[in-house]
Each structure stands twice: as structure tokens, then as C-alpha cells.
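Undergrad: Kindly generate the corresponding structure for this input.
(chains A, B, C and D, ligands or ions: 2)
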Amino acid sequence: MTKITKKLLSQHNLTEEEYQKILVILNRKPNLLELGIFSVMWSEHCSYKSTKKWLKTLPTKAPWVICGPGENAGVIDIGDNDALVFKMESHNHPSFIEPYQGAATGVGGIMRDVFTMGARPIANLNSLRFGEPKNSRTNYLINGVVSGIGDYGNCVGIPTVGGECFFHECYNNNILVNAMSVGLVKKNKIFYSAARGKSFPIIYVGAKTGRDGIHGATMASAEFDDDSSENRPQVQVGDPFTEKLLLEACLELMNTKAIVSIQDMGAAGLTSSSFEMASKGNKGIDLNIDKIPLREKGMTPYEIMLSETQERMLMVINPEYKKITSEIFNKWGLESVEVGRLNDTQQMKIFSKNKIQCNLPINDLVKNSPEYDRNSKKKSISVKYSSKKKDISIKESFKKIISNENFSNKRPLFSQYDFQVMADTILGPQESDSAVIRIHNTNKAIALTSDCNPIYCKADPFYGAMIAVAECWRNLCAVGAKPMAITDNLNFGNPEKDEIMYEIKESIRGIGVACSSLNFPVVSGNVSLYNETNGKSIYPTPVIGGVGLIKNYRKKATISLEENGKIFVIGKTYGHLDLSMYKKIVFNEETGQPPNLDLIQEKKNGNFIRNYIDKYNKELIGVHDISEGGIIISLAEMVIKCNLGVNIKVPPKKNKKKWLFGEDQSRYVVVVREKNCIEKVAKDAGVFIESIGSVKGKGLKIEKLFEISNKELINMNRKFFMDCFS
Amino acid sequence: MISIVVFPGSNCDRDLKVAIEKTLKKKVDMVWHKTANIKKSDMIFIPGGFSFGDHLRAGILATKSPAMREVERLSKKGVPIIGICNGFQILTECNLLPGILIKNRNPKFLCKSVNLKVDNNSIFTSSFKNNQIIKLPIAHSQGNYFADKKVLNSLEDNNQVIFRYCSAKGEINSNFNPNGSMNNIAGIINSSKNVLGLMPHPERAIDLTIQDDGILFFKSLKMYL
Amino acid sequence: MKYRVYVFFKNGILDPEAEAIKKTLHTSGFKKIKSLKKGKFFDIDTSGKNSKDEISSLSEKILSNPIIENFEIKKIDN
Amino acid sequence: MKYRVYVFFKNGILDPEAEAIKKTLHTSGFKKIKSLKKGKFFDIDTSGKNSKDEISSLSEKILSNPIIENFEIKKIDN
Ligand SMILES: Nc1ncnc2c1ncn2[C@@H]1O[C@H](COP(=O)(O)OP(=O)(O)O)[C@@H](O)[C@H]1O
Ligand SMILES: [Mg+2]
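TA: Ligands and ions are numbered 1, 2, ... in the order given. Below is the predicted model:
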């Protein structure tokens, strides 16, 4: 038997205390296989040991929530017996090592989470963060990540309809790749993972197991050092064709009564899937490891249990339906094998060559997983001052911003994604503040968006997280959708450091406060920690993925202009420039506090916009939220998109710079026809409204300041991404 | 009966079925690729997607499916066959259409709406005006039509090029060629004029709130049915 | 029996992937590259008797497309 | 100088493409194929002096993905 040494424990990312806990649970020493199982089950990735305590505080309930966090994905009710299943998940570390495969398998994994629950994925989003473009690897990484995401989703035939892509030096050595998938299911056809049934067979289906990504789950929870790329961990390779077959086969089988419970094999593969199914159902499992289909010779039980080969599923089958099960999988050319049986012992027994290789108490292992209340302390932030404080005109500043990588037109990026397959994409990328996807064969549609401003979060994680939620809520309102629920992906550094733990706690608190106040529950999510290299952490990046509902998809808003339209701003403009993109891009300065956020006003303004889109659709031309870059950027985006022009008057007595570039929250640009009643409706709703100009000619004209032609605007705006992908 | 052949990895089959039902009010038979006997079919569609994962060369592995023997047999009897996107790739790989679709000039996948000039002199496009300019979505990374000079000349001489990429005003040149196709070819028919292959997706453009130029495409088929 | 089948673009036919790689080479500093061609190879282990014929048949019918590609078969000794 | 660079998957790395091709070969009558592996090759013509070094550097950095692939360089005589 392998001797358990300090070194072995640290290779398994287990602390001495955790090992002592294992000894107490087992009342004996574990063997290597058992130690490996503990290590993945108790990894940050599977056990959420540093964040569990705080995640429990999030609001997860609403009358329309069918299933909150805890299952493979969250589920909400959207009426007419339809439900939406969605979740976001990170694949940050694998994507930094191998961007193409890392991102592709991230997409594959999140889609399996969705169709495991019986839902057909209908839309994917992805939220990306890269280092500075001048960093030598950035171009390689973004090209790999984007093709990986595209190739996988395109092949499976699920439209990739939106997301974000943001560059900042804090991601130079730790990029973020967060993938979100949304699926549709009938309310009475949802599948869960809790094992049920008496000695029912356990079926393995999908790809053969290889040595892919062994220790991936522990890798995903461990900080990088400079050797990481030398270590060349076995990365997982994605196979979207097999995923497509698995998707179709599972959905076909789900139309029969064969499947009792089902769980995809994600991080920690066979181990976490079997333990989770058993523990949720209070069951035991006898697993015959010799039955597992293998891709390579000579694999040990340890390797088999820890492998992260993609495109695999585990399910409990009603024995009466064994024949139909194998028929359907055969039809789709997939291998399905009975690998074990359920029992009531609550023990996990793994057999090989008729010998017990592992005998672990399932509930003790799962429910006694470590939970930490780690120390946290606010650290004063080293302020970044600009090097060059010289006077730069508003026009020059604007040009710098609109040409910057963070504002460049993303068409060359998202055109690599099939955003139209399934023929229900009503509004794809760049047409509005959220993507809008019709529920097939109905008048309903859903709106989808993902948001987070890490610069705000770094300065004040509580406010930053609140703003991320609010921005997400705003983007849904801006297309006319009722915001329903969110999924989140919490990306942070090393939680063992006080200041990082502070960021984590504060961000979760911020999400909680904003979600409670907006009645916008959290139904699923994911935590990615240890996003650090050589002790340098990323900015706190709690990405919020939001889902909203539109009753009648014909009543929606886009970011359109129309000749002679009247332009208004909803919400008060104070001119908050601290931490703005203006300060960042023009002066490389990140100082001060994020803009103030009044959640009551946010709600009022959002409700007004939604109501206006619904009731006054005939007089409405376009809506666009105002966020990073301020009013001028929102207007420029509209001008570029529609190839028309606007004529804007900065209101008297306002500081022009602040008014144009300020990032005050809860605001929208609204464009309406000449005959309209928007001012009256706004006043009745108690919402601040300001007329700022009209749609005229071609180009962006700020009266008494400057004018830029469309041609110049479009060229400046598209250069970065065009070069990036050429 | 209208048939759609479904391969493992097809993913525009449902969209196509919906489009046919909606625009032609006809029943659709989904034919699994292993079918060795297509009984009665007035028209056969080969849908878009990634049949067999698009491995090796897009379309090649699907040509080995039994249903494709049937498609070949029925095509000789004059049954209209329409391959869209991956379907077009399959039809060239099994020689029902000449040429081949290779990687795009910029090999990345490309999803966008493009302008097309339509030749209405085919059973598949008779509802269009001749040289009408329409807009349809494309979504592919292997849509770059290639054929040798002789084949190309005979396609042109026999008016077998049915769809061509162009500008909104109808200019046909390399600036309005999204993938590098020879002669801006987006869709062709065979010499007996009953087999059509096209890269754009008319089935994604049958909705007034999204795009609707695909409706005319399906309406053309109505006259034939 | 083991065979290696080489499949490569015919002369004079532009291979967009090879072109893209060449461009990347040039932009990443490998400026001395005069030409670059790309091909595929398949290592096939077969137990057939007439295996050479079989290999050439599948090379022709499946592994290559005669409009754009040629192929070459080599026997490999273990 | 002319070189041929062979690029192929490392042992143990899943090659979904080879799997799919093998399956289709089996179902379309080539039943005797025991195994099929796939790789790429690049024929490169370079004018550099240290060209062998250059070739191995670009093979590692651009032609192959060292995380999942290996490569081999052979000199070709015209
Ligand atoms: N990684 C991505 N994948 C897909 N679509 C993206 C991605 N990043 C951005 N987009 C899309 O591009 C458009 C513009 O993005 P962005 O500049 O972030 O817009 P906004 O500031 O209005 O939210 C949006 O429709 C967005 O969904
Ligand atoms: Mg945004």
C-alpha cells in the first residue's frame, strides 16, 4: 500500500488537517485511490470549501424559481409549462494553457450541465477577459479561445448569441473564459441527479475514458507558478460531434421512462458524478471499474476514477428499459455499458478483478467536506496615477476611447460563432443590449446578457458586484424583457489571502443585496479561485449572466436610430468620472470609487423603460443602456450601428467632459419618433428625463464641440478586432 | 412527400422541416441516414450542419451512408435534390454536383448575412425575378467553391450558377465575396438541372421579424410540387 | 500490414489554410520562409490480404478528393 | 533548403477525427482496418542560414501545439 507522505498530500492539495479529518471519517488510512477521490471531492472546485458559507446567503427564491443552486443548473418557470435551465461555468486555467481545447471543453461542459436536466440548449454566451493586447500571448490566446468556443458550439448546432470580451493588464497571466448555456424543457420533463430505485443499474455512456486531464479538478483549484506550462498537464480534448450525438441520444431516451436519474461527468469525472448521484439520493453504489470503456491500455483504477475525459454521462436506468436504452444509444453510435448497481448501503465500493479497490462512506465524504471561514481583511489599494496629465481635448479623448480594444466593434469575433442556427435568434450580437431568442413556435422570447466591470470591483467589490447585477438587469430591461434570474461566475485569486477573501465576501454580499432588491434571484453559479500567477491576482470578477422574459417578441427594443428621431436620456447624469473608461483609457488612471448606485431608482428607471417599450412601441425607435464610456459612447455605438447621425446638445451649465464621459448608473438613451409622449410618461412614473438632441445627417455631432464623420468613426472603431483576427 | 435526410451531426434539419411546413404546408419525412430505401419522395433535402463532425473533409463521410445511394438513384430519376450548406458539401463529395467546397479564404468560420444575385432560370428559383438581389445568412468555414477551368466554364455556359455573392447593388467582385469562391459562386445546379447545392441558409430567413427572403425560395418549390 | 498515406494539395491549387499559416509565419518573424505546403498523412494498420489494393481504394475514395488532392502510399515496416 | 515537418498527436491524446474516419471506414466496407492514425505535414522551403534551428523553432511555436502534439523534422533533397 502506498505510504501517505506530506508530499503526496500536497500533490493532492490536501492539508494535514484535512487528512486528519479523512482518518476520522474512515477510521483507517486511505489507499491511493481513496486519497485521490477525497482530493477531488474536497477540492475547491467540487466542494466550494472557501465560499460555501457565503454562497448560502444569496437570495435564491422567487415564485418562478423551480430549482435553485445545487443541481447541475438552475431552472425557472417561464409559463405555459415551459422552463429554462441555465448556468455559467469557468474554464480559466485550462484555457490559459491550451486556449482552443480549454475553451471548447468549457462550452461542452456547460451544455452537458444543461441537457443533463432534460433541456435542449437553445443559446450559449461567453464572458471573456484577456490581458493587454501588447502582451505577447494575448493574440494567440484570444484567437484560440474564440475558435474553440465557435467550433464547439457551431458543430453541436447551438447558437452562440452574446457575451463580453474585455482586456486589462490584470489578466495578463490569468485569462477568464466563462461559458453560459441556456436550455429549454417542459416543466414536467426535468431530470435530476439524485439516484433512486432499488438495485437499479448504473449506465455509462459516451466517450471512452482516457488519461485526459487527470487532476484537472485539483489543477483548476491550484495557483499557477512559472512551471505550469512546462508541466504540460494532460489537457482534455473536446469532441463536439460526440457531444451532439450524446445530446440527441439523451433527449430521445428522456422521452421514454428509462432514465431515473442522470449526471454528466464534469470536473472530477466518474468520481464526482457517482458520488453526487449517490449522496443526493442517499444511496450506495457497487461500481465495477473493469467495465468502464477505456481508450488506452493499462489504466489504473486511480486514473479511471479521476479522468476528465469529456462527453460522458452516468445514469441510473429503470431495468425494464434496458433494451430501449441500448437501442437508442446504438442508433446514435454511442457505447453504453452497465458499470454498476445501486444499493442502500450508502457506501461507494469500487471493484476490479473481483477485489474491492475502494470502500468509502458516501455521505460522510460529501457532507463532511471541509468548510472554511477564512480570514478576510480589506487592503488599501495601491492607487494608479496617470503619468501624463496633459490637457487632452474631448474630441481626442473620445477618439482614443472609441478606437480602444475594449470598445472596438466585435463583429470579427462573434461572426466566428453561428448565432442563427435553430432559426430563433430574434436579436443576435450587437443589435441590442441583450440577445433575444424566441421560444420555438411561440410568441415568447428570452433575453440574455452577461456583465461585470472588474475595475469597479477592484476598487470596491461590494459596489462593483452590485453594479454588475444592476447592469445586467438594465441590459434586460433595455430590450423590453422582464428580468427573471441570474447565474454567476465568481472569478477571484487565492482565498487563503485575507485581502482576496475580503473581495470574495464583499462581492457575494453585493450580489445578494442587489438581487434581493431587484427580486432577481441567483439560481446557479460557479466559483473559480486561485486565478493568480506568481502571487499576482486578477481583479475580482464576479460575472453575472442574466435571463429575462419577453411575452411578445415583436415588442422589443434595439439600439436603432431613425432620421428625425428625438433623443432622450433617462436617469440623472451627475458626471461620475472616477474609475471610468475615460480615466482608464485616456490617462491610465484607476482611482476613487465606483459610481453611486441607487437600487430603488434603478428599479424605477428599468420598469419605466420596459413599460414604455411594451405600451408605446409604435413611437419607439431605439433604446441603449449607458454604461462604460458614458453617454457619448452609447450614442457613438448607435451611430455606427445604423450608419446615421446624431446632433447632441450638452445641457447648459454642465461640465461637458463629465456629462459626456461620466458613468452614472441607471441610465438609458431612448430614441423616439417626433410625435411622442415620452416626457409625460416619464414624469408620471417619477423618472428623470432629459432631451439631448435628435437624429440628423451622418456622423456624431456634439454642438459647439466637434463633429466626426461616420466613415472616420467606423474605421477607428473596427480596427482593433479586424487586425486581431486577420 | 418531402424528405430530409438526417445524418449524425446534422443540425439544420429541424429548421428546414419547420421552414418547409410553414411555407409549403407540406408534410416532411425525416429520413435517417441508415435508410436503404426511400419509398416515395417528391423532393429530397440534405440539411446543413456537421455530418460526422465534418471530419476529414466536410461532407465526405456522409457520402458513405446508405441513404445517399438512394439519393443518387432518385436523382437519376429526376427527383429534385437540394443540399444546403453541409448538404451542398455532401452533394459535391458524392459527385452529384461538380467541384468542391474548400476552406474559406480566411479559414475562420463566418456567420453573417450576405447579398446574393439570383438566376431565376431553374425550378428552384422560379419565384424570383431574374437577377433579383436577396439577402440570406451564411454560416460556414468551408464554403469556398472550387472547380477546374473546364468545369467552371461549362457551369457558366449552361447557366448552372444560380446564386452568386454580390453587393447590395449587385456588383460581383472579390470585395463582396465572403469566402473566396470562384466566380463568387454561392449555389449551383447540375447539368440535368434537378440537383441544387447552395451555401446560404434560406431556412433561416422565413420570418418577417428576422429575415424573409427565404420565403420566396420555398415558394418557388411549390410550383414544382 | 502498415501503410502511410500522404494526401496533399495538387500543384497550382491555393490551399487557404497553408496561406494563413504562411502569413502567421511571416508576421511572427519567420521571414525567410519561401514556400509552405500543407498535407495530411494517415497511418493505417490493416489485416487484409489484398491490403495494398484496399488502401489505394480507400485513399482514392475517401481520404483524398481528386479535384484538389493527390495521394501517395508508402509501406511502413514495423 | 527544404524540410518536411510531421506533426502528430502525442500518445494518449484523443483524436476524434481519426476515430470518426475509422468508424466510417468500417461501416462502408473497409472492415479490415485495425487502426488509423492521423497527422499533418508541412513542406517548407527556406532560405535562412540557421534554417534547421529556425524550422524547429517554428515547428514548435506555430506548426504544432506542444501541449498535445509532437513533431519531427526531415530534410528533403530536391
Ligand atoms: N465573447 C463574446 N461572444 C459573443 N458575443 C460577444 C462577445 N463579446 C461581445 N459580444 C457581443 O458583441 C456585442 C457588443 O458587445 P459590448 O461591446 O460588450 O456591448 P455593450 O457594451 O453594449 O454590452 C454584444 O451584442 C455582445 O453580446
Ligand atoms: Mg455591457
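
Undergrad: Just the CA coordinates for stretch A:390-409, please, in PDB.
TA: Below are the C-alpha coordinates for stretch A:390-409, written out as PDB (Å, rounded to 0.1, in the frame of the first residue of the first chain):
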ATOM      1  CA  LYS A 390      -1.500  67.000 -20.000                       C
ATOM      2  CA  ASP A 391      -4.600  68.500 -21.400                       C
ATOM      3  CA  ILE A 392      -6.300  66.300 -23.900                       C
ATOM      4  CA  SER A 393      -9.400  67.600 -25.800                       C
ATOM      5  CA  ILE A 394     -12.700  66.000 -25.600                       C
ATOM      6  CA  LYS A 395     -12.500  65.000 -29.200                       C
ATOM      7  CA  GLU A 396      -9.100  63.400 -28.800                       C
ATOM      8  CA  SER A 397     -10.200  61.600 -25.700                       C
ATOM      9  CA  PHE A 398     -13.300  60.300 -27.500                       C
ATOM     10  CA  LYS A 399     -11.200  59.100 -30.400                       C
ATOM     11  CA  LYS A 400      -8.900  57.200 -28.000                       C
ATOM     12  CA  ILE A 401     -11.800  55.500 -26.300                       C
ATOM     13  CA  ILE A 402     -13.800  54.500 -29.400                       C
ATOM     14  CA  SER A 403     -10.600  53.000 -31.000                       C
ATOM     15  CA  ASN A 404      -9.700  51.200 -27.800                       C
ATOM     16  CA  GLU A 405      -9.700  47.400 -27.700                       C
ATOM     17  CA  ASN A 406     -12.500  47.500 -25.100                       C
ATOM     18  CA  PHE A 407     -14.800  49.400 -27.400                       C
ATOM     19  CA  SER A 408     -13.800  48.000 -30.700                       C
ATOM     20  CA  ASN A 409     -16.500  46.500 -32.900                       C
END
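
Undergrad: quick check: longest strand of chain C.
TA: Taking DSSP state E as the criterion, chain C has its longest strand at strand C:33-46.

Undergrad: Could I get the CA-only coordinates of that strand as CSV?
TA: Coordinates of each C-alpha in strand C:33-46 appear next as CSV, following Å, rounded to 0.1, in the frame of the first residue of the first chain:
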residue,chain,number,x,y,z
ILE,C,33,10.2,31.0,-45.5
LYS,C,34,9.8,31.0,-49.2
SER,C,35,7.1,28.5,-49.5
LEU,C,36,4.9,26.3,-47.3
LYS,C,37,2.7,23.5,-48.3
LYS,C,38,0.4,21.5,-46.0
GLY,C,39,-0.6,17.9,-46.2
LYS,C,40,-2.1,15.2,-44.2
PHE,C,41,-1.0,11.7,-43.5
PHE,C,42,-2.7,8.6,-42.3
ASP,C,43,-1.0,5.6,-40.7
ILE,C,44,-3.2,2.6,-41.3
ASP,C,45,-2.8,-0.8,-39.9
THR,C,46,-4.8,-3.4,-41.9
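
Undergrad: Other residues contacting it?
TA: With C-beta atoms under 8 Å, 6 or more residues apart in numbering or on different chains as the contact definition, strand C:33-46 has outside contacts at C:1-9, C:15, C:17-18, C:21-22, C:25-26, C:54-55, C:63, C:76, D:6, D:21, D:32-47, D:58. C-betas here are computed from N, CA, C, even on glycine.

Undergrad: repeat for stretch B:74-84
TA: B:12, B:16, B:38, B:41-48, B:71, B:89-91, B:96-97, B:123-124, B:190, B:192, B:194-203, B:221, B:224.

Undergrad: For that stretch, list every residue counted as buried.
TA: Within stretch B:74-84, the residues that qualify as buried by neighbour count (16 or more other C-beta atoms under 10 Å in any protein chain shown) are B:74-75, B:79-84.

Undergrad: can you check stretch B:218-225 too?
TA: B:218, B:220-221.
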